[in-house]
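> 3D model of this:
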Amino acid sequence: MQAEERLVRIEAFLQKVEFASLDELAEEVDMSPSTIRRDLAVLEAAGSVRRTHGGARLVNPRSEEFIFAARDTHQLTEKEAIGRACAEFIKPAQSIIIDAGTTVYHVARHLESKRPQIITNSLPVANLFASSSLVEVVVSGGVIYPRLGVLVGPLAVETFSKMHVDVAVMSAGGITVDGITNSHGLLIEIQRAMINAAKVVIFCLDHTKFDRQSVSPLCGLESIHHLVTDSAAPPELVDALRSRGIDVVVAPPAS
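I've put the predicted structure just below:
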């Protein structure tokens, strides 16, 4: 593959995922990491990408897929139904990890009366309870990544690696019978630390995430205790997941 074609493919791939590791980019264009480093240096000099530790991210993404406010307008009715249904699993005064997804933000909206302790790397979730006297919020360390409204990096991973909580409420980019995947490489290690920290793991995924594989593997189905989705989820995949021992809750539509 010629250098010009590699540069085009790398930039196109970053337009889809916004951030990717060297290994992911090397696999995408079937080249060595050392070749990818040189290509990224060219793209960075052109101003289209910025190299980071272990990878690269797009400087000016055309897509709004990863802007929290824009994403939160997608499947809004379904997310709210999922949020209400998931909140039923939470007992008063439990410790809860809430990740940075827009669907789990709608879970957080229904938790204040339960007086939980919430640990999160989500700036919107933290802001939701900024003036609440009923909810104790612990915000992870890390670097603010504005497009996601999230704290990322080694400090965020370290925060959750030291936690022991009752419940983790998680989001993801997709689910199949092979497991859970996510579309943003910056979040994978953090989410794995969240899963390991919790006694019970609940994934909240609307129907658009079913039978969809994102870029990076997150976890196997054995990591999931409960899966909450909406009534448009494909019944055949719901049945397949239940047959694997997962408690799948289909949230009723809003009345």
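
> Poorly predicted segments of the stretch 1-150 of the chain, please.
18, 60-75, 147 (pLDDT under 70).

> hey, where'd the strands end up in it?
Assigned by DSSP state E, counting those that start in this stretch, the strands in the stretch 1-150 of the chain fall at 19-21, 49-52, 55-58, 95-98, 117-120, 136-139, 143-145, 150-152.

> With mean neighbour count and distance to Ser32 as extra columns, can I get those in TSV?
Bear in mind the C-beta positions are built from the backbone N, C-alpha and C, glycine included. Converted to TSV, the strands of the stretch 1-150 of the chain look like this (neighbours: other CB atoms under 10 Å; distance: least, CB to CB, whole Å):
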stretch	mean neighbour count	distance to Ser32
strand 19-21	25	14
strand 49-52	17	16
strand 55-58	22	15
strand 95-98	25	37
strand 117-120	22	38
strand 136-139	16	39
strand 143-145	15	28
strand 150-152	24	27
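
> Quick one, which of these gets closest to His225.
Of all the strands of the stretch 1-150 of the chain, strand 95-98 sits nearest to His225, with 13.3 Å by CB to CB.

> can you list contacts of the closest one?
Strand 95-98 is contacted from outside by 90, 104-105, 107-108, 111, 116-120, 122, 125, 160, 163, 165-169, 194, 197-198, using CB atoms under 8 Å, 6 or more residues apart in numbering.

> what does stretch 113-132 give?
68, 87, 90-101, 104-105, 108-109, 111-112, 134-140, 142, 144, 149-152, 156, 159-160, 163, 165, 190.

> buried set for that stretch?
Within stretch 113-132, the residues scored as buried using 16 or more other CB atoms under 10 Å are 116, 118-126, 128-129.

> quick one: terminal-to-terminal distance for stretch 115-129?
11 Å (CA to CA, to the nearest Å).
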